[in-house]
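Visitor: no sequence on this one, just coordinates:
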């Protein structure tokens, strides 16, 4: 029985992260449950022996003799492919295949492990500092909190009362966080509109074109220029260095990009996670989201490892086209010539190449 363990080898490659391209089957084999009490030796003894005329037309070589000897000593006999079944060998993964697999970004590894959560590219629009994102993965956000605020434990900007808020102020008022505060009396003169010896201009006059942040008014007091008496912008907006409120669009900035940092529309440097690619099977390859496409195995066979469009390794397991056979890992067209003793030009057993003097060249 000539059984080629291509499916077993395919399972091993799959465990190593190498996909198989093409069909996988056991050639010329029929499986049936055996009696638990029947040994392998007894089964072999019961099988009728085939005559030399019934055997496959193949010449025994030194290597096949060695394989038979190994079988008698308890080792598994080698499987020798014949010319009638071109795709009969499976290659051992090469260093090149391992390197190709290592070149694929971690986003692919997450997918292989079943972690299908997609990191939100807009996560840093409303978060600051370093912490877990929506998928629980570490994420560093470069969002700068406005003056008078700080990055809180939940990684969002929260108001922080300023110790010097009462500078140039007096009386009962509210601090930068809109909390009640008593700034005391004046050393000289009267406290008018919470200022000593000065009439403060309106917030609108002080802030002028500023939409957020802080500025000093005509009395030297710190004034908030944001919404609701704070220094902040409306929700989902950030305060730029110029005091303008901006709606960041990190999803657009990171469009189809991954594992890299880019500048968004608000001038912020934002991270595009390697795990932000969407779509079934999408992976991060060379900082671009890539949808894998099965590679071409034209002219390749026998478990040859090729790379797909996303740099992922895949095995060529399919048969060669009609009229060709698999020689090693390449498809070959027999042309009637001989390449060695009993071997045609494709390395297949050929009896007409066994004549005297046929150690190579054209057969007789």
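Guide: Sure thing, it's come through. Keep in mind the model is a prediction, meaning the values are calculated, not measured.

Visitor: Next one: the residue lying closest to residue 256 once chain neighbours are set aside from residue 278, what distance?
Guide: Once flanking residues are discounted, residue 256 sits nearest to residue 289: 4.9 Å by CB to CB, 6 or more residues apart in numbering. Every residue, glycine included, has its C-beta placed from N, CA and C. As judged by CB to CB, to the nearest Å, residue 289 and residue 278 stand 8 Å apart.

Visitor: same deal with residue 219?
Guide: For residue 219, the distance to residue 278 equals 54 Å [CB to CB].

Visitor: of those two, who's got more company?
Guide: Per other CB atoms under 10 Å, whichever of residue 219 and residue 278 has more neighbours is residue 219, with 18 against 10.

Visitor: doesn't the more buried one fall inside a strand?
Guide: No: Residue 219: not assigned to a strand; according to DSSP: H, G, I helix; E, B strand; the rest coil it is coil.

Visitor: thought it was touching residue 194?
Guide: No: applying CB atoms under 8 Å as the test, residue 219 and residue 194 come out as separate, 9.1 Å apart.

Visitor: Identify the contacts common to these two.
Guide: Residues touching both residue 219 and residue 194 comprise residue 200, with contact defined as CB atoms under 8 Å, 6 or more residues apart in numbering.

Visitor: Okay, helices next: where are they in the stretch 51-200 of the chain?
Guide: For the stretch 51-200 of the chain, the helices defined by DSSP state H, counting those that start in this stretch occupy 62-72, 95-103, 106-112.

Visitor: ok so, going back, just list the residues touching the residue nearest to residue 256, thanks.
Guide: Here residue 289 is in contact with 256-258, 276-279, 282-283 (CB under 8 Å, 6+ apart).

Visitor: of all these, which two lie farthest apart?
Guide: Comparing every pair within these by CB to CB identifies 257 and 279 as the most remote, at 14.5 Å.

Visitor: Tell me who's in contact with residue 164.
Guide: Counting by CB under 8 Å, 6+ apart, residue 164 makes contact with residue 222.

Visitor: Could you check how far it is from residue 253?
Guide: Residue 164 is 37 Å from residue 253, by CB to CB.

Visitor: can you check residue 138 too?
Guide: 20 Å.

Visitor: of these two, who's got more company?
Guide: residue 253 (20 against 9).

Visitor: how near is the more buried one to residue 247?
Guide: For residue 253, the distance to residue 247 equals 12 Å [CB to CB].

Visitor: Looking at residue 257 and residue 279, which one has more neighbours?
Guide: Each of residue 257 and residue 279 has its neighbours counted (other CB under 10 Å); residue 257 has more, 18 against 10.

Visitor: these two touch, right, that one and residue 273?
Guide: No: look at residue 257 against residue 273 with CB under 8 Å: they stay out of range, at 9.9 Å.

Visitor: ok so residue 204 is a strand residue?
Guide: No: remark: residue 204 does not belong to a strand; assigned using three-state DSSP, it is helix.

Visitor: Distance check, it against residue 232.
Guide: Remark: distance between residue 204 and residue 232 (CB to CB) = 17 Å.
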